[in-house]
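**Q** okay, predicted coordinates and the sequence, questions at the end:
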Amino acid sequence: MMNPTLWLLVAGLLWQAPAPDTAPPTARVDGAEKIEVSLVLVDVIVRDRKDHPVGGLTRDDFQLWVDGKPADRSEIETFEEVCEAPAGPSGLETASMKQAAVSVPAPQRSLVVYLDFSQLSFQGRMMALASVKTHILERIHDGDQVMILAFKDNLRLIQDFTSDAALLAATIDELKQDRTTIDSTAADAGNRFCGALDAPSLVTGYALEEETGTRKSLAALQRIMPSLAALKGRKALLLFTDQLRIEPGAEYAQLAQRGRSSTMETSLLHLTREANAAGVSIYSVHASGLGNPLALPCQGAKPSAAAASRGLDSALEAEATLALETGGRALQRTNDVGAVLDMAQQDLSCYYLMGYKARGVGNDQRHNVRVTLREGAIPRGATVRYRPYYTDQSFRDRRERLVRSALEAPALFNKIPVSVEAFAIGPAGTGRRVLVKASVPLRSLSLLPAGRSQERGRALLRGELTDAKGAAACSFDLDSPVSVPDGGEPSASLVMETGCVAEPGSYDLTLAVIDAETQETGARREPVHLGGSPPRPFVTDVSLWTRERDALVVTSGGGAIGLKEGLELGAFVPRSQRRMARGQEARMSFLVCPAPEAAAGADGPLSVRRRLLGEGGATVASFDDRTIQEPPDAETGCYQMVDAIPAGSLGAGLYRFDVEVTGRGISAPLTASADVMVD
């Protein structure tokens, strides 16, 4: 008998419960407990005794049970058969089959190949890459969409979804040659295991190291799940591993003649819960096949056989648990590890999708689910597979999980095109003021009619500036209302500005923009290097700000760097590339930072000269020399200088903006220059 599993998707991302500000009135129960209604998609596979798909069934052929109680017909809001072609049960034709809806031809199949190099032996790595390439070349169809992800120290998007088998095969060939994907600890597991026989003192350290690696691996796998939720239909994740154990360090515990070591049951539960919520089924593969990499190097030693066997059993148990709890399958005890692709494709080729209206309170509780078929609907010996539960997640929890996933794996989120920039705009004590800017096309957001000539929506910005150790130096949280004229410019954009103060160093800036209505998300990660301020006196780099007449600029959360809260159409925004269009209005901005003892005053002013040079160094425009006598800004100790370039004043070409500062306390003139391109 096959273990029953449940295919479902808590509709928090693809079919999400309405956002709080647009939700219909909520039901009330005794005690004034808030009820949320969301659509849970129950994904069911039906196979005959020969493991062939059974198609042609209808809603009336199924009975859904939730927490031991039958669901009423009115609670099944949607029903869909997704099969390549109508295929009735073997040797049986029922009245309901004759009335069945037309099957959807050639459903798109979304497969994610996940290579966990941190949990792959050297043998497992070679077999996994070879088998994936062979099976992809032979079995990928036009309707298939395949993504390749890899994890070692961090998650890498190797190849985004594509149906190009040749491209996928070439990508695998590149991975074979990429020595950076080899995890030395995993590849050397056999030698470490044998070494522990001679040096028992190493056992505890090896076991702890394996436990730490397992937790990191499971956490990385868990974080990608929300990114896959918005894909329509079923999703299969093909997990290649051979050292991911439910009891990490089990082999070392056996060598030390100890009882049970640390268990990953809770971490596996969290992972499978996220996979179920996202509608992802895990197809686990014991990538080293029938080989036992731990026992081979030291199989002559008697203690090693039992210990290696315990380690292998722990790995197989983890793989089986992931598959069982998510409605997938575990491929074990075979050297044909690439056959998992056949299993996943078969399951994705014919299934039924029921939409169950779940009423919950968002308390994160598990609800058991069972699916049965009425008598006579399918021939004897047939099997029904589905996931065994769904989790009552609140709207807020679902969104926070989505945000965290986007910040951890931004390359997987591209529903909304996002560009990200950072600007060091001035000193702040020993640190730097950092202006952060994210831009998205307005038409990528869901704007709804509001009155006769307005469209409105909301966009959320979440982000962080993290150092090399992953610690957050700054975090960003903006909730921006969007209101634009109906039928505005197609090129219009939403620009969201914020900022913080950070110490000099190298960082990663990660931002995610979420459409508050649809929960569609775009994310980007960019490196940022903040240099320290040079000794005073100095002049900062010159930045270009252009007026974006078709941009809605929202500024929020930037009080630490002097930004004022606001929302403006057609404001000035900074540009990382000093490039502007002909006829565009612009500003050149920089800071003059004198030594504290040489700040300007009536008895010793500073003089600032600016010129705009064209081809051959000829002066195109000059600005009145600026004489500064007032004290500098109290917080930065600097003077902010802004020079306007009127619209239409420059023709196409390359220009240079020169700055020269002289005055008391400046032994030699301070200079700065910046090239400006006008298209």
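**A** Nice, thanks for sending it over.
**Q** buried ones in the longest helix seen in the chain?
**A** In the chain, ranked by residue count with DSSP state H as the criterion, the top helix is helix 302-326. Residues 304, 307-312, 314-326 are the ones in helix 302-326 that count as buried (16 or more other CB atoms under 10 Å). (C-beta placed from N, C-alpha, C; glycine too.)
**Q** next: stretch 220-234.
**A** By neighbour count on 16+ other CB under 10 Å, the buried set for stretch 220-234 is 220-231, 233-234.
**Q** before we move on, what about stretch 332-339?
**A** Here stretch 332-339 shows 332, 337, 338 as buried, counting by 16+ other CB under 10 Å.
**Q** need these in a markdown table with distance to residue 537, pLDDT and secondary structure, can you?
**A** Conversion of the buried residues of stretch 332-339 to a markdown table gives the following (distance: CB to CB, whole Å; pLDDT from 0 to 100; DSSP: H, G, I helix; E, B strand; the rest coil):
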| residue | distance to residue 537 | pLDDT | secondary structure |
| --- | --- | --- | --- |
| 332 | 70 | 91 | coil |
| 337 | 66 | 84 | helix |
| 338 | 66 | 82 | helix |
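**Q** from the residues you listed, which is closest to residue 289?
**A** If you rank the buried residues of stretch 332-339 by distance to residue 289 using CB to CB, residue 337 comes first, at 5.7 Å.
**Q** the closest one contacts residue 286, doesn't it?
**A** Yes - Residue 337 lies in contact with residue 286 (CB atoms under 8 Å); the separation is 7.2 Å.
**Q** overlap in contacts of these two?
**A** Residues touching both residue 337 and residue 286 (CB atoms under 8 Å, 6 or more residues apart in numbering): residue 331.
**Q** please name the nearest non-neighbouring residue to residue 498.
**A** Nearest non-adjacent residue to residue 498, counting by CB to CB, 6 or more residues apart in numbering: residue 557, 4.3 Å away.
**Q** surely that neighbour touches residue 480?
**A** No - applying CB under 8 Å as the test, residue 557 and residue 480 come out as separate, 10.4 Å apart.
**Q** which residues sit in contact with residue 330?
**A** 283, 284, 286, 316, 319, 320, 322, 323, 324.
**Q** could you redo the last one with a cut-off of 10 Å?
**A** 239, 282-286, 316-324, 340, 343 (CB atoms under 10 Å, 6 or more residues apart in numbering).
**Q** ditto for residue 203
**A** With contact set as CB under 10 Å, 6+ apart, residue 203 has these partners: 193, 196, 197, 249, 251, 252, 253, 254, 255, 256, 258.
**Q** in three-state terms, how would it be classified?
**A** At residue 203 the chain is in helix, as set by DSSP: H, G, I helix; E, B strand; the rest coil.
**Q** what is the burial count for the nearest residue to residue 214 once chain neighbours are set aside?
**A** Closest residue to residue 214 in three dimensions, ignoring its sequence neighbours and counting by CB to CB, 6+ apart: residue 248, at 4.2 Å. Neighbour count of residue 248, defined by other CB atoms under 10 Å: 30.
**Q** swap in the one 4 residues further on?
**A** Residues contacting residue 252 under the criterion other CB under 10 Å number 26.
**Q** any idea which element it lies in?
**A** Assigned by DSSP states H and E, residue 252 belongs to helix 250-255.
**Q** roughly how far is that helix from the heart of the chain?
**A** Put simply, helix 250-255 sits 36 Å off its chain's centre (CA atoms, centre = their mean, to the nearest Å).
**Q** got the angle between the helix or strand following it and helix 302-326?
**A** Toward the C-terminal end, the helix or strand that comes next after helix 250-255 (DSSP H and E) is helix 265-278. Angular relation of helix 265-278 and helix 302-326 on a 0 to 180 degree scale: 30 degrees, by axes from the mean of the first three to the mean of the last three CA atoms, to 10 degrees.
**Q** buried set for helix 265-278?
**A** So for helix 265-278, counting by 16+ other CB under 10 Å, buried means 267, 268, 271, 272, 273, 274, 275, 276, 277, 278.
**Q** for that helix, list the C-alpha coordinates in PDB.
**A** Presented in PDB, the C-alpha positions along helix 265-278 are these (Å, rounded to 0.1, in the frame of the first residue of the first chain):
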ATOM      1  CA  GLU A 265      12.400  16.600  13.200                       C
ATOM      2  CA  THR A 266      11.400  20.100  14.100                       C
ATOM      3  CA  SER A 267      13.400  21.700  11.300                       C
ATOM      4  CA  LEU A 268      12.000  19.200   8.800                       C
ATOM      5  CA  LEU A 269       8.500  20.000  10.100                       C
ATOM      6  CA  HIS A 270       9.100  23.700   9.500                       C
ATOM      7  CA  LEU A 271      10.400  23.000   6.000                       C
ATOM      8  CA  THR A 272       7.600  20.700   4.900                       C
ATOM      9  CA  ARG A 273       5.000  23.200   6.300                       C
ATOM     10  CA  GLU A 274       6.500  25.900   4.100                       C
ATOM     11  CA  ALA A 275       6.600  23.600   1.100                       C
ATOM     12  CA  ASN A 276       2.900  22.600   1.600                       C
ATOM     13  CA  ALA A 277       1.900  26.200   2.000                       C
ATOM     14  CA  ALA A 278       3.600  27.000  -1.300                       C
END
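**Q** per-residue confidence averaged over it?
**A** The pLDDT scores in helix 265-278 average 93.
**Q** ok, then the element right after that helix?
**A** Next along from helix 265-278, by DSSP H and E: strand 280-286.
**Q** adjacent strands (with direction) for that following strand?
**A** Sheet pairing for strand 280-286, assigned by DSSP bridges, gives strand 235-241 (parallel), strand 330-331 (parallel).
**Q** now the element after the shortest one, going C-ward?
**A** Okay, so that is strand 330-331. helix 340-349.
**Q** by how many degrees do that next one and strand 235-241 diverge?
**A** Using the same axes, to 10 degrees, helix 340-349 lies at 160 degrees relative to strand 235-241.
**Q** can you check the pLDDT for residue 302?
**A** 62.
**Q** how about residue 292?
**A** At residue 292, pLDDT is 59.
**Q** now residue 133
**A** 90.
**Q** and the strands paired with strand 280-286, which is most packed in?
**A** Of all these, strand 235-241 carries the top mean neighbour count, a mean of 27, counting by mean count of other CB atoms under 10 Å.
**Q** export it to CSV, keeping only CA atoms.
**A** Backbone C-alpha positions of strand 235-241 (Å, rounded to 0.1, in the frame of the first residue of the first chain) are rendered in CSV as follows:
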residue,chain,number,x,y,z
LYS,A,235,5.5,22.3,-8.5
ALA,A,236,8.1,19.6,-8.0
LEU,A,237,11.4,20.2,-6.3
LEU,A,238,14.0,17.5,-7.1
LEU,A,239,16.4,17.4,-4.1
PHE,A,240,19.8,15.8,-4.7
THR,A,241,21.6,14.9,-1.5
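**Q** residue 142 belongs to a helix?
**A** No - counting by three-state DSSP, residue 142 falls outside a helix, being coil.
**Q** circling back to that earlier point, gap between the residue nearest to residue 214 and residue 265?
**A** Here the criterion is CB to CB, to the nearest Å. By it, residue 248 lies 12 Å from residue 265.
**Q** anything in contact with each of the two?
**A** In terms of CB under 10 Å, 6+ apart, residue 248 and residue 265 are both contacted by the residues residue 318.
**Q** give me the low-pLDDT residue ranges for the stretch 551-679 of the chain?
**A** Of all residues in the stretch 551-679 of the chain, those with pLDDT under 70 make up the ranges 600-603.
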